[in-house]
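Novice: Got a predicted structure here, sequence first:
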Amino acid sequence: MPRRKSSETNLETSGAKIGEPVPKAIIDVNTASVGIPRQPEEDLRAELSSLRKQIGMLQQQVLRAGRLAKDRAGKAIHQTEAVVKHHPLSTVLLVAAVAGVFAFSSYHVSSPRRREPSALRDIRDFYDRMRERI
């Protein structure tokens, strides 16, 4: 197999300039040399402009998502307030039931020596606080 001169290859053997991406080196088995293929000259302004456009689009998407989440949270708060205003007794009973379930489950999960009547006291305190609010 005839060997070519290293000047005939299109490999760049000098180092990369600062700020340029460093491509993977290529081993040319015909000339037994290692180097980087010559890179086409790129317009950095066009690339930066493209990146700025992408960043702008991403910012708009994040803003839209934030506004949508805020709107949905506001609607949920207003709906909850409306339910509490229209059905205060049902709300108190529901909250008391949920608190009772948590207290009951924590009572059964805890070890036998840690069982205290504090769970019942906590439910009563919670119920009293809810009654004061309404």
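Specialist: Arrived safely, thanks for sending. Numbering: from 1, shown residues only.
Novice: residues near Ala96, how many?
Specialist: When neighbours are counted by other Cβ atoms under 10 Å, Ala96 registers 16. Every residue, glycine included, has its C-beta placed from N, CA and C.
Novice: Same check on Ser118?
Specialist: What Ser118 shows, counting by other Cβ under 10 Å, is a neighbour count of 12.
Novice: what's the spacing between it and Arg72?
Specialist: To Arg72, Ser118 is 38 Å away according to Cβ to Cβ, to the nearest Å.
Novice: ok, now which ones touch Gly66?
Specialist: By Cβ atoms under 8 Å, 6 or more residues apart in numbering, Gly66 lies in contact with nothing.
Novice: Spell out the secondary structure type for it.
Specialist: In three-state terms, and counting by DSSP: H, G, I helix; E, B strand; the rest coil, Gly66 is helix.
Novice: cool, and the one 10 residues further on?
Specialist: On the three-state scheme (three-state DSSP), Ala76 is labelled helix.
Novice: In contact with it, which residues are there?
Specialist: The contact partners of Ala76, by Cβ under 8 Å, 6+ apart, come to none.
Novice: From Val83, how far off is it?
Specialist: 11 Å.
Novice: in the protein, which spans are strands?
Specialist: 11-12, 26-28, 33-37 (DSSP state E).
Novice: average pLDDT for the shortest one?
Specialist: This predicted structure assigns strand 11-12 an average pLDDT of 56.
Novice: do the longest one as well
Specialist: In this model, strand 33-37 carries a mean pLDDT of 68.
Novice: Pull the number of nearby residues for Gln61.
Specialist: Residues within reach of Gln61, counting by other Cβ under 10 Å, total 10.
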